[in-house]
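**Student:** Show me how the following folds:
(chains A and B)
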Amino acid sequence: MDYSDYSDVDFIGDSYFAEWVTNPNPESDRFWQNWIANHPEKTQEILIATYFIKNLTYRQNHRLSDDVVEKMLENIIHYKNDQEFKFIPEKKKTIGYYRYAAVIIFLILFSAILYVRWPSDASVADTDQVITKISPRGVKMKIMLPDSTEVTLNSESTISYPLKFNKKERQVHFSGEAFFDVYPDASRPFKIYSENIETEVLGTSFNIQDYPGAFTSKVAVTSGIVKVQNHRGMQMLLSRSQMAVMDARHELINRTPFDPQEELGWKDGILLFKEVPLSIVFDDLEKWFGVDFHYDSGIRLNDIYNGRFMNESLENILKGIGFTSRFDFTIKGNNVYISTRKEVSLN
Amino acid sequence: MKNRPLRLNPEKNRQFAENNTASQSNSISESELWENFLQGDFAALSQIYRIYVQSLYIYGCQFGESTLTQDCIQELFYDLIRKRHKLSKVKCIKAYLYASLRRRIHRKLTAGGLFGKNRQCPLDNCFESELMENPFFDDESNIKVRLENLKHACNLLPERQREAIMLYYYEKLNYKDLTEVMRLGKINSTRMLIHRAISTLRSHLKPGKEE
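**Tutor:** A predicted model of the protein is given here:
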């Protein structure tokens, strides 16, 4: 199928595309991620089609109030005289009690609130109380924010958020690396302020890497639409399977495709090294396991390494790397000593 | 066994009331839920009701009558309870409920024959669509303008095409379920209907819109 001259309407009308947006499977996911990565010139069409399919709604969309929903259910059960519904009086009774209980609890809560709020204006509102969570080196954490957004913090990362989000928007401050699965709420955008970038979404999932002092910051999107902005006010919209890479020195933003395993593998315990120098490998391992590396001058830190490890111990990983990169190691507590391998001449 | 009365399980019931917003429950599948209801489990019925009542209401209101929609929903569920011995397995509860509600609303709107006083369908503002506002797009950006045009084009479609578009994209029914809800008979007719709608959109958006 040749999609290269497709317009946004064509994408909307393509059932393979529409089904991928609403209900992706591994096969369609692979196809479209690949296609989007290879056709950056189609970003706008894809963005429009995705947005249309996801956000189309009825103009007339009044909901029933909770009261009416309950009333209707009662009507349905009570409707006419059906002999099979002998349990009705009993049910009515319990509902009645619930109602009284609800009123009493409401009164108690209300007076409690009055009591707490009234006398002192010193008491802080929930929206002003900030919670800070820090994942130290070697530790990953899963956090549920007050709006049901799920955050997986990679090691050496910090997030702070209010005890309760305000009505207009959801703001968090963040540093390090984390995977966000933002609870959809179109009326309250979710904003993340980190070292070099500001990321804004409505309800999507994506990975942010923005460590203080690092040269690049990255935002990799796995679903929905994300807006990123740097301190200069440069903005970029990203759709699923796109990544923004920010250069801290030049303050440029680039849009690129990404390898999900490379960017998101960390949260599933996958360590992936793709064409990286040993110095980076050691840095990552320090972070991952919460250890310090010491190496002798013979180690060539610029040597390129490739490898993939899944839920492996530090010892096994070092054995693997040491085999190809030719070094020996000893682990003492939180310290790892790397030394050049004593070559055994074969001749 | 078939005539067992509906069971009331207050414990279960309360539980459902608490997480009624949770979609389709994590532990129990749609077909199991339906099966439980057919077996006479009251909690299953009230769970089905709570899952679908809001979207059924919004869907029904598209035909222009909110009170009538409420009545039809109540009758629909009442008939479910009353006729459950005669009901069979359903693949998609949503499609079954939508089809039934649609049939009821149409029947009432056309009551009194073709020229009856209640006849007011099709209405011009049936199934009007809206795109949720997105603060990301600047007011003058190409994307925003284009999306606005798309929305207008949607609202210019004939009523049946509009309904099909909303059922497919918003309600996320597949072709088969859409065929059942709109009583189109064959999947191919549904495909054609959507295809025609998209072609109309395309032609509405073409002239004067160079990109």
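**Student:** next one: phi and psi at residue A:170?
**Tutor:** With angles defined as degrees, to the nearest 10, residue A:170 sits at phi -110, psi 120.
**Student:** tell me the mean pLDDT for stretch B:33-52?
**Tutor:** Confidence over stretch B:33-52 (mean pLDDT, whole number) is 88.
**Student:** hey, where'd the helices end up in chain B?
**Tutor:** With helices called from DSSP state H, chain B shows them at B:10-18, B:30-38, B:42-61, B:66-82, B:93-109, B:142-156, B:159-165, B:175-181, B:187-205.
**Student:** So which elements touch the longest one?
**Tutor:** Translated: helix B:42-61. Counting contacts by 3 or more CB pairs under 8 Å, 6 or more residues apart in numbering or on different chains; DSSP states H and E, helix B:42-61 packs against helix A:66-78, helix B:10-18, helix B:30-38, helix B:66-82, helix B:93-109. Bear in mind the C-beta positions are built from the backbone N, C-alpha and C, glycine included.
**Student:** Ok, the fourth one next?
**Tutor:** With contacts defined as 3+ CB pairs under 8 Å, 6+ apart, helix B:66-82 has these neighbours: helix A:66-78, helix B:42-61, helix B:93-109.
**Student:** distance between the second one and the chain's centre?
**Tutor:** Its chain's average C-alpha position is 11 Å from that of helix B:42-61, according to CA atoms, centre = their mean, to the nearest Å.
**Student:** picking that back up, weakest of the helices of chain B in terms of mean pLDDT?
**Tutor:** Lowest mean pLDDT within these: helix B:10-18, at a mean of 37.
**Student:** sec struct for residue A:165, please.
**Tutor:** The assignment at residue A:165 comes out as coil when based on DSSP: H, G, I helix; E, B strand; the rest coil.
**Student:** Just give me the neighbour total for it.
**Tutor:** Using other CB atoms under 10 Å in any protein chain shown, residue A:165 has 20 neighbouring residues.
**Student:** from what I can see it touches residue A:171, true?
**Tutor:** Yes. Between residue A:165 and residue A:171 there is a contact under CB atoms under 8 Å: 7.5 Å.
**Student:** Residue A:228 should be in a helix, yeah?
**Tutor:** No. Secondary structure of residue A:228, determined by three-state DSSP: strand, with no helix assignment.
**Student:** What residues does it make contact with?
**Tutor:** Counting by CB atoms under 8 Å, 6 or more residues apart in numbering or on different chains, residue A:228 touches A:197-200, A:219, A:235-236, A:238, A:244, A:246, A:253.
**Student:** Would you agree residue A:177 is in contact with residue A:154?
**Tutor:** Yes. Using CB under 8 Å, residue A:177 is in contact with residue A:154, at 3.9 Å.
**Student:** got any residues that touch both of the two?
**Tutor:** residue A:266.
**Student:** now for the helices of chain B, which one comes closest to residue A:258?
**Tutor:** Each of the helices of chain B has some distance to residue A:258 by CB to CB; the shortest is helix B:142-156, at 22.6 Å.
**Student:** wait, does the closest one contact chain A?
**Tutor:** Yes. On the criterion CB under 8 Å from any CB of the partner chain, helix B:142-156 is in touch with chain A at B:142-143, B:146-147, B:150, B:154.
**Student:** In this structure residue B:95 contacts residue B:172, no?
**Tutor:** No. With contact defined as CB under 8 Å, residue B:95 does not count as touching residue B:172 (10.8 Å).
**Student:** Could you check which of those two is surrounded by more residues?
**Tutor:** residue B:95 (20 against 15).
**Student:** Can you name the residue of chain B nearest chain A?
**Tutor:** Closest residue of chain B to chain A, CB to the nearest CB: residue B:198 (3.4 Å).
**Student:** what's the closest non-adjacent residue to whichever residue of the stretch 1-150 of chain A sits closest to chain B?
**Tutor:** Taking CB to the nearest CB, chain B has its nearest neighbour within the stretch 1-150 of chain A at residue A:13, 3.4 Å off. Of all residues not flanking residue A:13 in the chain, residue B:198 sits nearest, at 3.4 Å (CB to CB, 6 or more residues apart in numbering or on different chains).
**Student:** can I assume residue A:262 is in contact with residue A:273?
**Tutor:** No. The criterion here is CB under 8 Å, and residue A:262 misses it with residue A:273 at 9.1 Å.
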